[in-house]
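A.B. asks: only geometry, no sequence info:
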């Protein structure tokens, strides 16, 4: 998946502009890279399009425990989103990562995250945007 395909996938899931999808993707990848082991972040960066790979490099060394809420708050601040937009945006990026990465690579990332991420990244189904109820 190249950069345009990745961003278009996020934009379509969110029904937003490519510019907005780019900001959400960058914020999510940066925050994710800070939260997973640096070797795993490096592996992630190597599998992303060149334009996005720089956002997936984490700090050197091991990461500490963190909360799901903390993750969302960091993405929210970086992308200037409200809480609902952040949740939907992170879900769209993770769903796109699931499609773009080999299954083992995606699983390696998800298993390093708190259990609460499974409510957002449920691998059983694809995300088709916010429900219209």
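C.D. replies: Right, received. Where do you want to start? Remember, it's a predicted structure, so these values are computed and weren't measured experimentally. Numbering: from 1, shown residues only.
A.B. asks: just give me the neighbour total for residue 84.
C.D. replies: 9 (other C-beta atoms under 10 Å). Where C-beta positions appear, they are placed from N, C-alpha and C, glycine not excepted.
A.B. asks: now do the one 4 residues further on
C.D. replies: A count of nearby residues for residue 88, using other C-beta under 10 Å, gives 20.
A.B. asks: and residue 15, by the same measure?
C.D. replies: Counted with other C-beta under 10 Å, residue 15 comes out at 11.
A.B. asks: and for residue 5?
C.D. replies: Here the neighbour count serves as a burial measure; for residue 5 (other C-beta under 10 Å) it reads 13.
A.B. asks: helix or strand for it, which one?
C.D. replies: Take DSSP states H and E as the rule and residue 5 turns out to sit in helix 3-14.
A.B. asks: again with residue 27
C.D. replies: For residue 27, the host element (DSSP H and E) is helix 18-35.
A.B. asks: list the buried residues for the helix or strand just after that helix?
C.D. replies: Next in sequence after helix 18-35, counting helices and strands by DSSP H and E, comes helix 38-47. Applying a neighbour-count criterion of 16 or more other C-beta atoms under 10 Å, the buried positions in helix 38-47 are 38, 40, 41, 42, 43, 44, 45.
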